[in-house]
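> Below: sequence and its predicted model.
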Amino acid sequence: MGDRMRTFVRNLTGRSDGTLVAHLLQQLEATSRAAELARQLADGVVTSEMGSEQMGEIESEGDHARRALIEQLSRSLATPIDREDLNRLSRSVDDILDNLRDLAREFHLYRFSEEPLLREGIDNLDRGIRALYGATECLIDQPENAARQAAESKKNDVRRSYQHAMAELLTATDEVDTRLLRRRELLRRLDITGLRLAEAADALADGAVKRSH
């Protein structure tokens, strides 16, 4: 059976839906591991050099899953959610992973060995990613649950963690030194990552609502 015929059969039987969701889950699994690695960096469990290197490898895995999704999407007649929403979701997940890579890179460039102020934000980010993973698992058979869990993912409190950490950082001393500015940049990077997570949740929720009607 030729590739085009196999693709056609998968579309008719719904198997292409499962393939697309599987690629999304692979992206999210890589992103969750990246968040765990970021936590280890913040805790000083791994060195900044090792963390930056490992994060690059994880990002490559996520990029591979996104490329596979885009390739499958170009061949699929049927998709689990609206085609544009699906691509927007995958792109936003990719943005989360890119920002975690940048966080690890900056951690190394700024010569940090640990950063306690990052911990709460990373924990909230990880919870949001896990909720998004659960929502994605529901896409095909329970789109109404997918929309609900996506909404939970958006309530990740990364912004609140950023605000509290910045308040603690900026009130701890009257002097502005270079280390303080470097710490601020790390916190800002994490805040941006939380915004990308919210965008991913919006894309999934929009697609799930359309599918459930």
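Arrived safely.

> is it true that L28 touches E137?
No: taking contacts as CB atoms under 8 Å, L28 lies outside contact range of E137: 9.5 Å. The C-beta positions use only the backbone N, C-alpha and C, and glycine is treated the same way.

> between those two, who's got more neighbours?
L28 (26 against 17; other CB atoms under 10 Å).

> which residue packs closest to that one, ignoring adjacent ones?
Closest residue in space to L28, ignoring its immediate chain neighbours: Y133 at 4.6 Å, by CB to CB, 6 or more residues apart in numbering.

> need the strands for the chain, in chain order.
Taking DSSP state E, the chain contains no strands at all.

> Setting aside sequence neighbours, what's the nearest residue to A147?
A208 (4.0 Å).

> Correction: the previous question concerned H23.
Closest residue to H23 apart from its sequence neighbours, by CB to CB, 6+ apart: L69 at 3.7 Å.

> Same question for V209.
Leaving aside its chain neighbours, V209 sits nearest to A147 (5.2 Å; criterion: CB to CB, 6+ apart).

> give me every residue that touches that neighbour.
A135, L204, A205, A208, V209, S212 (CB atoms under 8 Å, 6 or more residues apart in numbering).

> The fourth one and T178: what is the separation?
Spelled out, that is A208. 46 Å (CB to CB, to the nearest Å).

> L89 is in contact with A205, isn't it?
No: contact criterion CB under 8 Å: L89 and A205 do not qualify, at 9.5 Å.

> Neighbour count for the two, which is higher?
For the pair L89 and A205, the greater number of neighbours falls to L89 (31 against 22), based on other CB under 10 Å.

> Tell me how far that one lies from D202.
Distance from L89 to D202, by CB to CB: 9 Å.

> Surely G56 is in contact with D102?
No: contact criterion CB under 8 Å: G56 and D102 do not qualify, at 10.9 Å.

> neighbour-wise, which of the two wins?
A count of neighbours by other CB under 10 Å puts D102 above the other of G56 and D102, at 17 against 12.

> give the contact list for the more buried one.
Contacts for D102 were tallied using CB under 8 Å, 6+ apart; they are R189.

> And the residue nearest to A147, how far from D17?
13 Å.

> Find the residues that touch each one of the two.
L139.

> Would you map the helices across this structure?
3-13, 15-43, 48-75, 83-109, 119-137, 143-154, 158-171, 178-212 (DSSP state H).

> and those helices as TSV, adding mean pLDDT?
Output for the helices of the chain, formatted as TSV (pLDDT from 0 to 100):
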stretch	mean pLDDT
helix 3-13	40
helix 15-43	93
helix 48-75	95
helix 83-109	93
helix 119-137	93
helix 143-154	74
helix 158-171	79
helix 178-212	87
